[in-house]
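Participant: attaching a predicted model along with its sequence, questions to come.
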Amino acid sequence: MNTNKVLKLIQEALDQKEPVTLNDSSETLEQWDSIAQLQILMLIDQETGGKAANIPELAIALSVQTIIDTLKDHGLFDD
């Protein structure tokens with residue numbers, strides 16, 4: 001997974017027309033609520049073949065950068 005893929009997955013999960021940026025978070029995007037968080041986690045988990053489900057920190061990652069950093073920390077990111 002890489003930065004562009006994460007950005008696209010989050011954009012898809014939020015059903016947002018505007019591109020998501022590295023600076024976005026649940027505080028900057030109104031659509032990013034608890035349901036959207038679950039959608040983001042589900043799409044990332046599908047993309048990683050189920051490996052993301054084993055990373056509890058992702059459940060509380062409420063920004064694009066935190067999600068990327070967490071994926072990097074667990075070897076699921078190859079930017």
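Facilitator: Nice, thanks for sending it over.

Participant: could you list the low-pLDDT ranges of this protein?
Facilitator: Along the chain, segments meeting pLDDT under 70 span 79.

Participant: helices of that one, residue ranges please.
Facilitator: Here the chain has its helices, by DSSP state H, at 3-14, 34-47, 64-73.

Participant: among the ones you listed, which is nearest Thr28?
Facilitator: Closest to Thr28 of the helices of the chain is helix 64-73 (CB to CB; 9.4 Å). Yep, even glycine has a C-beta here, placed from its N, CA and C like the rest.

Participant: buried residues of the closest one, list them for me.
Facilitator: Val64, Ile67, Ile68, Thr70, Leu71 (16 or more other CB atoms under 10 Å).

Participant: also stretch 43-59?
Facilitator: Here stretch 43-59 shows Leu43, Ile44, Asp45, Glu47, Thr48, Ala52, Ile55, Leu58 as buried, counting by 16+ other CB under 10 Å.

Participant: enumerate every residue touching the fourth one.
Facilitator: So the one you mean is Glu47. Counting by CB atoms under 8 Å, 6 or more residues apart in numbering, Glu47 touches Met1, Lys5, Leu9.

Participant: who wins on neighbours among those residues?
Facilitator: Leu9 (21 neighbours; other CB atoms under 10 Å).

Participant: now it. Nearest residue, chain neighbours left out?
Facilitator: Leu43 (4.4 Å; CB to CB, 6 or more residues apart in numbering).

Participant: got a list of what the one you found touches?
Facilitator: If a contact means CB under 8 Å, 6+ apart, then Leu43 has Leu9, Glu12, Ala13 as its contacts.

Participant: so can I have TSV of those residues showing distance to Gln39?
Facilitator: TSV is the format used below for the contacts of Leu43 (distance: CB to CB, whole Å):
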residue	distance to Gln39
Leu9	9
Glu12	8
Ala13	4
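
Participant: many thanks, have a good one.
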